[in-house]
Every structure is written in structure tokens, then in C-alpha cells.
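Undergrad: Got a predicted structure here, sequence first:
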Amino acid sequence: MSEISDAIQQKCLAFGDRIIKLNDFLLKEAANKKPPYKIVKGKRVYEKAVPVYLQSVSNLCNQLLRAGTSIGANNAEACNAISKADFKSKSFIALKEARESLYWIDLLHRNGYLDDQQYQSIYTDAEELVKILVSRCKTLNDDKETKNT
């Protein structure tokens, strides 16, 4: 791998690490919330076995975990591609996963699972990856257009 590819992969790995830690944190936070219950004959009766709010955050976290860690996996595949077409394909997939991560981060923030500080921090990291990958993908497209003219 080149120095640039190494640097991009390190950013992808660091972002993946943050996503894993954020996932664990959010799930623990949600699990510590008291689920709604009623007192029936002096006993607590929970309204649902798995509270809806826990289902929501769990699903959102799972989506972010999959997209956020997939960026690095696809970037690693691109760096070890067997052809230019394979490199391009994996690079574009890594970009799509980075953009998808932005979406899930937005949803977590909009629904109160991330405070403003957490949101800004992780969103900025994701945006930086998107910009790096957009630059790479534009270069790949420019190379193709140059060859076609």
C-alpha cells in the first residue's frame, strides 16, 4: 500500500473504532433507562418484553455499526484489488457506506440518542472520510474520462 492508502486506511480504522465504542455506549445507555411498567397486584408488569425505545436505538445502532465498519473493510479490499475496475468498485462502495453512516448519525441525533457535542464530533469524522473518498472517486472518474478522450 502507498503512504496515502495507508493514511486513508488508518482513518477508516479509527472511525470504525469510534463507531464500535459509540454503539456499545448507546446500547448501554438505552438499557439503563427504565422501561415503562404498571403495578398490577403489587407487582411490576412491563408493557413489552423489549421496550420500543430499546428496539429503535438497537436497530439504528446496528445500521450505523454495519455501515461505519464497512468503510474500512471496503477500503482494504480496494487497496488489495486485483484490477483497476475492482479498485474503483470497492472505493465507490466505501464512499457509499461513509455517506450512509452520515445518515444514521443524523437520525440518532434527531431522535435524541446523540447530544450536540457527540453528534458534531462523530459527524465531523464521517464527513472527513466522505471528502477523502469523494476525492479518490473523482480522481478515478477523471482518469477514465481522460483515457476515453
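TA: All right, it came through fine.
Undergrad: In the helix or strand where Asn141 lies, which residues are buried?
TA: Per DSSP states H and E: Asn141 is located in helix 116-148. In terms of neighbour count (16 or more other CB atoms under 10 Å), helix 116-148 has its buried residues at 118-119, 122-123, 125-126, 129-130, 132-133, 136-137, 140. For glycine as for every other residue, the C-beta is placed from the backbone atoms N, C-alpha and C.
Undergrad: which one of the residues you listed is nearest Asn111?
TA: Distances from Asn111 to the buried residues of helix 116-148, taken as CB to CB, are shortest for Tyr119 (11.2 Å).
Undergrad: Just give the closest residue to the closest one, not the sequence neighbours.
TA: His109 (4.0 Å; CB to CB, 6 or more residues apart in numbering).
Undergrad: Give the buried residues for the one helix or strand that neighbour maps to.
TA: Element membership for His109 (DSSP H and E) is helix 84-110. Residues 87-102, 104-105, 108-109 are the ones in helix 84-110 that count as buried (16+ other CB under 10 Å).
Undergrad: Ramachandran coordinates for the residue of the chain most remote from its centre?
TA: For the chain, the residue at maximal distance from the C-alpha centroid (CA atoms, centre = their mean) is Lys41, at 45.3 Å. The phi and psi torsions at Lys41 (degrees, to the nearest 10) take the values phi 50, psi 40.
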